[in-house]
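Colleague: structure for this input, please:
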Amino acid sequence: MVSIHLDENLKYFADAFDGSLDYICREFHISGTRAAIVTMEGLVNKQTLAQSVMNPITHAAILEQDPVKKFDYLKDFVLSTVDQQEVVDYKTALNLLMSGFALLLVDGCLRILAIGVQGFSLRSISEPKSEVVQRGSREGFVESLQVNVSMIRRRMKTPLLKFERMTVGEESNTAVCLCYLRNTVSQEILSEVRNNIKSIPLKNVLAAGYLTPFIAKKRVLPFSAVWGFQNVRIPSVVKSARGGWRSL
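Modeller: Got it, this is the predicted structure:
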């Protein structure tokens, strides 16, 4: 069961995702009552979230002072036109959150309102010519880091999946993402990979291939039958490899 206290609920979700870069929490007030919207970056339509959820909530004139009545008013009147579902347990809330729903939490209320604001890639995600698959999804990674993160998250709906954002390249300041399962990753290897990335001496990192010699210089890493390192362009391949290697 969810808690009546907003802070306890937010702590649960924050601990569940352990600082993963795609976990987003926005706190605000509804007529003096603390509230929050929790989403997963890359899984929601930001325009829908802003226009159909946040704007109506922040501009609503709610006279009720009881948090439960405020919650009911929001659900029945302010957000009545959007897809919604009441949630009373964390497991269901997590599943909906990782399926693209926004979670509305109100301090003093024992319910969470899951709001359908799903939205995915920025452009067509096509199968890469270098990795043609015979069965299954034909989606391939794109240039946007956040879109790639969302493609992996949609296939692995567990809060144990964590994404860490890092920056490489003294001049290019290129964003890279370290992805792993917290319950199975080798902390020794994870620490070594982190340190290798942080110590990359290049001024400009313009493609994934720039990283290979530095990340794979000591350890055997995923996606290779010949004990080496290989770039992967298909999310489903990442998912299958993670089952055996735990980090990438």
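Colleague: okay, domains of this protein per the record?
Modeller: As given by automatic domain parsing, the domain ranges for the chain are 6-116, 145-245.
Colleague: so for the longest one, mean pLDDT?
Modeller: The average pLDDT for domain 6-116 rounds to 95.
Colleague: which residue ranges form the helices in the chain?
Modeller: With DSSP state H as the criterion, the chain has helices at 6-17, 46-48, 55-58, 67-73, 90-97, 145-155, 187-198, 212-215, 235-245.
Colleague: what sits against Pro67?
Modeller: Residues near Pro67 by CB atoms under 8 Å, 6 or more residues apart in numbering: 33, 106-109. The way it works is simple: take the backbone N, C-alpha and C, and place the C-beta from them, glycine included.
Colleague: Gly116 versus that one, what's the distance?
Modeller: Shown here: Pro67 relative to Gly116, a distance of 23 Å by CB to CB, to the nearest Å.
Colleague: go on, Asp15?
Modeller: Counting by CB to CB - Asp15 and Gly116 are separated by 25 Å.
Colleague: higher neighbour count, those two?
Modeller: Set Asp15 next to Gly116 and count neighbours by other CB atoms under 10 Å: Gly116 wins out with 18 against 10.
Colleague: in the sheet, who's paired with the more buried one?
Modeller: For Gly116, the beta-bridge partners under DSSP bridges are Phe101.
Colleague: Thr81 is in contact with that one, correct?
Modeller: No: taking CB atoms under 8 Å as the definition, Gly116 is not a contact partner of Thr81, at 11.1 Å.
Colleague: over to the closest residue to Met98 other than its chain neighbours: give its phi and psi.
Modeller: Using CB to CB, 6 or more residues apart in numbering and skipping residues adjacent in sequence, the residue nearest Met98 is Lys157, 4.1 Å away. Lys157 adopts backbone torsions of phi -90, psi 70, taken as degrees, to the nearest 10.
Colleague: quick one: residues contacting Lys157.
Modeller: 95, 98-99.
Colleague: got phi/psi on Ala60?
Modeller: Reported as degrees, to the nearest 10, the phi and psi values for Ala60 are phi -70, psi 130.
Colleague: that one contacts Asp76, correct?
Modeller: No: look at Ala60 against Asp76 with CB under 8 Å: they stay out of range, at 11.8 Å.
Colleague: higher neighbour count, these two?
Modeller: More neighbours surround Ala60 than the other of Ala60 and Asp76, with 15 against 10 (other CB under 10 Å).
Colleague: pull the distance from stretch 90-103 to the chain's centre.
Modeller: Relative to its parent chain, stretch 90-103 has a centroid offset of 11 Å by CA atoms, centre = their mean, to the nearest Å.
Colleague: number of residues surrounding the closest residue to Asp7 other than its chain neighbours?
Modeller: Distances taken as CB to CB, 6+ apart put Asp107 closest to Asp7, at 7.9 Å, once the chain neighbours are dropped. Asp107 has 21 neighbouring residues, counting by other CB under 10 Å.
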